[in-house]
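> quick check, what structure comes out for this input:
(one chain, ligands or ions: 1)
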Amino acid sequence: MATVLLTGATGYIASHTWLALWAAGFDVVGVDDFRNSSPQVLERLAELGGRTPVFERADVGDAAAVNALLDRHRIDATVHFAALKAVGESAEVPLAYYRNNLGGLFTVCEALRARRIGRFVFSSSATVYGEPERLPLVETSRVGATSPYGRTKLMGEQILGDLATADAGWQNAILRYFNPVGAHASGRIGEDPRGTPNNLMPYVSQVAVGRRASLSVWGNDYDTPDGTGVRDYIHVCDLAEGHVAAVQRLLDAPGSFTVNLGTGRGHSVLDVVAAFAAASGRAIPYEIRPRRPGDVAACWADPGLAEQLLGWRATRDLASMCADAWRWQSHNPNGYDT
Ligand code: UD1
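From the prediction side, this is the model:
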């Protein structure tokens, strides 16, 4: 069975992907330096998977460490998650974002290329589309990121495209995630942001559990059905299964591809608040505030190409995203360190 290297392996999306890869019969080697995640994740993975995770503590920007771990493990494909991802922070410390997100990519790709391990899955984002010209977004829609974070993703895609053009042995699966939310149905792993959450679902969960008093809704004067922002929320377990399908495709067929991973459905901020209140049985107090700079009114995917190429589609609805996020949050009110 093939072995998959996961970078950023103890992060939110990676930890769910790790379990999905195990469930599909893959072996996994995980790498992380815990700068933005907890070692507790490894214990939870062991418990859920019934096996001991193979894990290397390393910074993916450290070439010596990456080369050393590749000397110790035979790898067939890589899923590169390791990156910083806070849009607002990226505008304050752009060099840190470029160094970390692109530097890590260079280091990992150079080490893999030297070993001719050319099957590479890249965590990209719908943020590369910037302000959508029309919806739904298809992979050929105009790109143009509006934050340093978004530009690291767009540049990452371009760098990998150049690499695939230059080297017939290199094949990319570029995955453009829409808005990943929810948690594993066990409630044992989930999203555990450090500090005040920037994203909607973790903020709403923390209001429901009583860690925060009230949600700020960033604007209700958008051109959307209820005036609040509309996004394509996707259950993290659906997203994880999308990664498994992408790895399988790289192993089965030659060629690089770029696909949206979304559901094709949009929900407003107030839809999410109502769904979370129903799932949790808790009130979610909120206040309408001014728009957040850089936000778009609406964004959702056409997920048709992923279905065509990978035989994958998202199956879990907003109610299940909220129910699973609530199970995680209510069982682990302070995240992993409880
Ligand atoms: C954001 C990033 C995106 C990144 C993604 C990671 C921006 C502009 N985009 O997407 O690049 O890939 O996170 O998950 O930051 N909202 C509130 N109150 C809150 C938080 C959010 O009303 O406290 C609203 C937002 O205005 C938006 C929606 O909820 O309409 C979703 O916001 P969020 O979860 O932050 O995701 P995005 O902004 O879509």
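> find me the pLDDT at T338, would you?
We have a pLDDT of 65 for T338.
> what's the answer for I189, then?
Per-residue pLDDT puts I189 at 98.
> now stretch 312-329: buried residues?
312-314, 316, 318, 320-329 (16 or more other Cβ atoms under 10 Å). C-beta coordinates here come from the backbone N, C-alpha and C atoms, glycine included.
> among those residues, which are located in strands?
In strands, defined here by DSSP state E, there are no members of these.
> give me the contacts around the lowest-mean-pLDDT helix or strand in the chain.
Within the chain, no helix or strand scores below helix 87-92, which has a mean of 95 by mean pLDDT, DSSP states H and E. Residues from elsewhere that reach helix 87-92 (Cβ atoms under 8 Å, 6 or more residues apart in numbering): L84, Y97, T127, S147, P148, Y149, G150, T152, N198, G294.
> name the residues of the next helix or strand after it that come out as buried.
Next in sequence after helix 87-92, counting helices and strands by DSSP states H and E, comes helix 94-97. Residues of helix 94-97 classed as buried: Y97 (neighbour count, 16+ other Cβ under 10 Å).
> so is helix 94-97 next to the ligand?
No. Applying Cβ under 6 Å from any ligand atom, one finds helix 94-97 separated from the ligand by no less than 11.8 Å.
> so which bits of the helix or strand following that helix are buried?
Next helix or strand after helix 94-97 toward the C-terminus (DSSP H and E): helix 103-114. Residues of helix 103-114 classed as buried: G104, L105, T107, V108, C109, A111, L112, R113 (neighbour count, 16+ other Cβ under 10 Å).
> cool, and stretch 154-173?
Across stretch 154-173, burial judged by 16+ other Cβ under 10 Å covers L154, M155, G156, E157, I159, L160, L163, A164, W170, Q171, N172, A173.
> residues contacting the residue in the chain positioned nearest to the ligand?
The nearest approach of the chain to the ligand comes at G229, 2.2 Å away (Cβ to the nearest ligand atom). Residues in contact with G229 (Cβ under 8 Å, 6+ apart) are W218, G219, Y222, S268, V269, D295, V296, A297, A298.
> at 10 Å instead, please
Taking Cβ atoms under 10 Å, 6 or more residues apart in numbering as the contact definition, G229 lies against 200, 217-220, 222, 266-270, 272, 291-292, 295-299.
> among these, which ones are buried?
200, 217-220, 222, 266-270, 272, 296-299.
> spatially nearest residue to A283, not counting backbone neighbours?
The shortest distance from A283 to any non-neighbouring residue, by Cβ to Cβ, 6 or more residues apart in numbering, is to A277 (6.4 Å).
> tell me the mean pLDDT over whichever strand or helix holds that neighbour?
Using DSSP H and E, A277 sits within helix 269-280. For helix 269-280, mean pLDDT is 98.
> how far does it sit from its chain's centre?
Going by Cα atoms, centre = their mean, to the nearest Å, the spacing between the C-alpha centre of helix 269-280 and its chain's C-alpha centre is 22 Å.
> residue numbers of the stretch 51-200 of the chain in contact with the ligand?
So the stretch 51-200 of the chain meets the ligand at K85, V87, S125, T127, G150, N179, N198, N199, L200 (Cβ under 6 Å from any ligand atom).
> pull the most distant pair out of those.
G150 and L200 (17.7 Å; Cβ to Cβ).
> you'd agree I159 is in a helix?
Yes. Looking at I159 with DSSP: H, G, I helix; E, B strand; the rest coil, it is inside a helix.
> name the nearest residue to it, sequence neighbours excluded.
Nearest to I159 is L105, by Cβ to Cβ, 6+ apart, at 6.6 Å.
> cool, and A65?
A58 (4.0 Å).
> how many other residues sit next to that neighbour?
17 (other Cβ atoms under 10 Å).
> so what pLDDT did it get?
98.
> please report phi then psi for it.
Backbone torsions of A58, given as degrees, to the nearest 10, read phi -160, psi 160.
> what's the distance between it and G104?
11 Å (Cβ to Cβ, to the nearest Å).
> intersection of neighbour lists for the two?
In contact with both A58 and G104: T7, V66, A82, using Cβ under 10 Å, 6+ apart.
> out of those, which is most surrounded?
If you count neighbours using other Cβ under 10 Å, the busiest of the shared contacts of A58 and G104 is A82, which has 27 neighbours.
> grab the nearest non-local neighbour of it.
G8 (3.4 Å).
> OK, contacts around the one you found?
So, once contact is read as Cβ under 10 Å, 6+ apart, G8 ends up touching 14-15, 30-33, 35-37, 60, 79-85, 104, 123.
> please apply the same query to A183.
Contact analysis of A183 by Cβ under 10 Å, 6+ apart lists 12, 15-16, 189-192, 201, 205, 235-237, 321, 323-329, 331-332.
> now D27
D27 neighbours (Cβ under 10 Å, 6+ apart): M1, A2, T3, V4, L21, R51, V54, H73, R74, I75, D76.
> and with 8 Å instead?
Contacts for D27 (Cβ under 8 Å, 6+ apart) come out as M1, A2, T3, V4, V54.
> is the second one in contact with R74, as I believe?
So the one you mean is A2. No. The criterion here is Cβ atoms under 8 Å, and A2 misses it with R74 at 9.7 Å.
> for those two, indicate the residue with more neighbours.
Comparing A2 with R74 by other Cβ under 10 Å, the one with more neighbours is A2, at 17 against 11.
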